[in-house]
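> this is the structure alone, sequence omitted:
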């Protein structure tokens, strides 16, 4: 049996929920509340599973895997008969991974909860300044991403007509952008791809609004 | 011919330099100065190559690839007869990628030059506060990484006895830690793996101190 340690609002956890749903791999959700009791991800019990103290983690039998993109690549390699998250062509694979990392490395971690907590707690910034920080890094990343998607041309999803690792990263990031009311009008390609993806069951059913731990 | 758009002190560029050297793949270095003229990575000429405006990028024939880890995975897939950056076993591959992302997603981007510039310029923090920020995120990441390496047990490199993507991320991050004088005594496994790797030609020859654009 598979157990996903997840938090309804975590973008990284949502990525893995999408991957599992897209591949039709069932799992049990084990919610880890990132705010309660100072953050359950910092508890001794969770750190014994994932010493990095971050969500998600996936227990697949006796093995515990961490890092959302490593989990997705593992699922892709472990279950080759399920829908692939990477295309076959090498250059397209590189393009998918580059777009995924442009979000997962260069936008998301800078806006992670613990970073926002440091800005407010340790550095004493106001909520307005924290919100501006949040929007700045999404906007900066989306400018590059929009240019990449525009260059790739007209297509249904980030790269071509099949759901990929890049799409799995895009939708949670757009959700965050909307949650913080980013003006998305300069990013028509991003908005179009997000709309095409959001109708798919693997994305809709795993949405933060519909999780067992949703508040 | 291959051209690597690089900056001597960029950790992400150093990762690709290590991968190319480890695989014995020759390339021409095209230095992009991250500070000169407000940052050459923001020039129209470079943005035409890499709309994300980040270093490195690799031109392989007519194709331009971005994102250091996507480039490394591409090189691994494109040149399967060169030394691999990922082990064959699926769980070990997942472990290598998780350690690589623990650095490349959860430490490095939070300390990237543009983030430090925002902290100083936009938010008006002192150099001392910026240094404390820098050290905080390396220390936080290294606590988890040290626990992971300790759990993996006695081995030469991050995962087993062969150089992997995790090692390629580790050495530049330890270099940064030393540059900002982080106390590494709580991290004996990290220090030991870094020492074992640093003697290898692929790591030593690509060091920031020995690049064409080193100042």
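Arrived safely. Only a predicted model underlies this, so the values are computations on that prediction, with no experimental measurement involved. Numbers count the residues shown, from 1 in each chain, chains lettered A, B, ... in the order given.

> from now on I want contacts and neighbour counts done on CA atoms only, so please keep to that.
Noted.

> so which bits of chain A are right by chain B?
Within chain A, the residues that sit near chain B (Cα under 8 Å from any Cα of the partner chain) are A:51-53, A:65-67, A:69-71, A:73-74, A:77-78, A:90-91, A:93-95, A:97-98, A:101-102, A:104-106, A:109-110, A:141, A:143-145, A:147-148.

> longest helix in chain A, by number of residues?
helix A:127-152 (DSSP state H).

> buried residues in that one?
A:130, A:133-139, A:141-150 (16 or more other Cα atoms under 10 Å in any protein chain shown).

> please parse chain A into its domains.
For chain A, automatic domain parsing gives the domain ranges A:2-83, A:90-202.

> need those domains in a markdown table (columns: mean pLDDT and distance to residue B:193).
Putting these into a markdown table (pLDDT from 0 to 100; distance: least, Cα to Cα, whole Å) gives the following:
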| stretch | mean pLDDT | distance to residue B:193 |
| --- | --- | --- |
| domain A:2-83 | 96 | 18 |
| domain A:90-202 | 97 | 24 |
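
> now the helices for chain A?
A:11-23, A:44-49, A:68-78, A:90-104, A:113-117, A:127-152, A:165-179, A:188-198, A:201-204.

> deepest-packed of those, please.
Comparing the helices of chain A by mean neighbour count (mean count of other Cα atoms under 10 Å in any protein chain shown), helix A:11-23 comes out on top with a mean of 24.

> show me the contact partners of that one.
By Cα atoms under 8 Å, 6 or more residues apart in numbering or on different chains, the list of residues contacting helix A:11-23 from outside reads A:5-8, A:26-27, A:55-56, A:67-69, A:71-72, A:75, A:82-85, A:168-169, A:172-173, A:202-203, A:206-208.

> and the angle for it with helix A:165-179?
130 degrees (axes from the mean of the first three to the mean of the last three Cα atoms, to 10 degrees).

> tilt between helix A:11-23 and helix A:68-78?
Going by the same axes, to 10 degrees, helix A:11-23 makes 20 degrees with helix A:68-78.

> off-centre distance for helix A:11-23?
Its chain's C-alpha centre and that of helix A:11-23 lie 8 Å apart, by Cα atoms, centre = their mean, to the nearest Å.

> same thing with stretch A:206-215?
Counting by Cα atoms, centre = their mean, stretch A:206-215 comes out at 14 Å from the chain centroid.

> so what touches that stretch?
By Cα under 8 Å, 6+ apart, stretch A:206-215 touches A:7, A:8, A:9, A:14, A:17, A:18, A:21, A:29, A:31.

> do the same with stretch A:134-143
Under Cα under 8 Å, 6+ apart, the answer for stretch A:134-143 is A:102-103, A:106-108, A:110-111, A:177, A:180, A:182, A:187, A:190, B:52.

> could you do stretch A:183-201 as well?
For stretch A:183-201, contacts defined as Cα under 8 Å, 6+ apart pick out A:142-143, A:145-146, A:149-150, A:156-158, A:163, A:167, A:170-171, A:174, A:203-204.

> go with 7 Å
Stretch A:183-201 has contacts (Cα atoms under 7 Å, 6 or more residues apart in numbering or on different chains) with A:146, A:149, A:150, A:156, A:157, A:158, A:171, A:203, A:204.

> equivalent analysis for stretch A:104-114, please.
With Cα under 7 Å, 6+ apart, stretch A:104-114 has contacts from A:134, A:137, A:138, A:141, A:169, B:104, B:105, B:106, B:109, B:110.

> one step back: for the domains of chain A, which one sits closest to residue B:117?
The closest of the domains of chain A to residue B:117 is domain A:90-202. By Cα to Cα, the value is 12.5 Å.

> end to end on that closest one, go ahead and measure it.
25 Å (Cα to Cα, to the nearest Å).

> got it, and stretch A:208-215?
9 Å.

> pLDDT of it, averaged?
Average pLDDT, stretch A:208-215: 96.

> just the buried positions in that stretch, please.
By neighbour count, and taking 16+ other Cα under 10 Å as the criterion, the buried residues in stretch A:208-215 are A:208, A:211, A:213.

> of all these, which comes closest to chain B?
residue A:208 (22.1 Å; Cα to the nearest Cα).

> and the closest one, how far from residue B:192?
For residue A:208 relative to residue B:192 (Cα to Cα), the value is 42 Å.

> same deal with residue A:78?
32 Å.

> and for residue A:197?
According to Cα to Cα, residue A:197 stands 45 Å off from residue B:192.

> now swap in residue A:81 and tell me
Computed as Cα to Cα, the residue A:81 to residue B:192 distance reads 40 Å.

> how near is residue A:89 to residue B:201?
32 Å.

> do the same with residue A:205
50 Å.

> try residue A:170
38 Å.

> please apply the same query to residue A:66.
Residue A:66 is 31 Å from residue B:201, by Cα to Cα.

> next one: residue A:211
50 Å.

> what do you get for residue A:21?
When residue A:21 is compared with residue B:201 (using Cα to Cα), they lie 44 Å apart.

> before we move on, what about residue A:180?
Distance from residue A:180 to residue B:201, by Cα to Cα: 47 Å.

> then residue A:51?
From residue A:51 to residue B:201 the distance is 32 Å (Cα to Cα).

> what do you get for residue A:88?
Applying Cα to Cα to residue A:88 and residue B:201 gives a distance of 33 Å.

> and the residue of chain A most remote from its centre, what is it in contact with?
The centre of chain A is farthest from one residue, residue A:124, which by Cα atoms, centre = their mean lies 27.9 Å away. Counting by Cα under 7 Å, 6+ apart, residue A:124 touches no other residue.

> next: residue A:125.
By Cα under 7 Å, 6+ apart, the neighbours of residue A:125 are residue A:119.
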